[in-house]
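A.B. asks: give the three-dimensional model of this entry:
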Amino acid sequence: QVQLVESGGGLVQAGGSLRLSCAASGRTFSSYAMGWFRQAPKKEREFVAAISSRGGSTYYRDSVKGRFTISRDNAKNTVYLQMNSLKPEDTAVYYCAVRTSYSGSYYSTHEYDYWGQGTQVTVSS
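C.D. replies: Numbers count the residues shown, from 1 in each chain. Modelled structure (predicted):
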């Protein structure tokens, strides 16, 4: 079992920055890939970014490339999402997730086994 707790969300003006954190407890955190997803009202949950178990590989949706950075600190069992140059369209509830399998897509919600409760990010224009 893995427990995930996100923090760092809030209200920010367009062009601003936020840093989300996701603290994990339970099973061996450093063995698994981690992902960030988001869900806006009346929309499906979508992939934002993912990072491999040791942090050597990262993946992003096109619309956040160059603005968001995913990272992890395995000693602290924490994954981060640094979000810069935020836009109103980034407004959503952001979720972190764990993928316990060692193969499969980084991009699909179906590949992830454990989810946090989410943190709200609101970007005003």
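
A.B. asks: point out where the protein drops to low pLDDT.
C.D. replies: By pLDDT under 70, the weakly predicted segments of the chain are 27.

A.B. asks: tell me the SS of the residue nearest to the spatial centre of it?
C.D. replies: For the chain, the residue nearest the mean C-alpha position is W36 (2.0 Å; C-alpha atoms, centre = their mean). Classification of W36 by DSSP: H, G, I helix; E, B strand; the rest coil places it in strand.

A.B. asks: excluding chain neighbours, what is closest to it?
C.D. replies: V48 (4.4 Å; C-beta to C-beta, 6 or more residues apart in numbering). (Each C-beta comes from the backbone N, C-alpha and C, glycine too.)

A.B. asks: mind checking how far that neighbour is from R54?
C.D. replies: Plainly put, V48 is 20 Å away from R54 if you go by C-beta to C-beta, to the nearest Å.

A.B. asks: more neighbours: the two, which one.
C.D. replies: V48 (25 against 11; other C-beta atoms under 10 Å).

A.B. asks: the more buried one against Q39, yeah?
C.D. replies: No. Assessed by C-beta atoms under 8 Å, V48 is found out of contact with Q39, at 10.2 Å.

A.B. asks: and F37, how close does it get to R99?
C.D. replies: 11 Å.

A.B. asks: which residues do those two both contact?
C.D. replies: Y112 (C-beta atoms under 8 Å, 6 or more residues apart in numbering).

A.B. asks: and G16, how many residues sit next to it?
C.D. replies: There are 14 residues near G16, going by other C-beta under 10 Å.

A.B. asks: can I assume it is in contact with V123?
C.D. replies: Yes. The criterion here is C-beta under 8 Å, and G16 meets it with V123 at 7.4 Å.

A.B. asks: and for the two, which residues touch both?
C.D. replies: L86.

A.B. asks: using PDB, list the CA coordinates for stretch 107-117.
C.D. replies: Only the C-alpha atoms of stretch 107-117 are listed here, as PDB (Å, rounded to 0.1, in the frame of the first residue of the first chain):
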ATOM      1  CA  TYR A 107       0.900   8.700 -20.000                       C
ATOM      2  CA  SER A 108      -2.200   6.700 -19.200                       C
ATOM      3  CA  THR A 109      -4.200   7.000 -16.000                       C
ATOM      4  CA  HIS A 110      -4.800   3.200 -16.200                       C
ATOM      5  CA  GLU A 111      -1.100   2.400 -15.600                       C
ATOM      6  CA  TYR A 112      -1.100   4.100 -12.200                       C
ATOM      7  CA  ASP A 113      -2.100   2.200  -9.100                       C
ATOM      8  CA  TYR A 114      -2.200   4.700  -6.200                       C
ATOM      9  CA  TRP A 115      -3.500   8.300  -6.200                       C
ATOM     10  CA  GLY A 116      -3.400  11.300  -3.900                       C
ATOM     11  CA  GLN A 117      -6.400  13.300  -3.000                       C
END
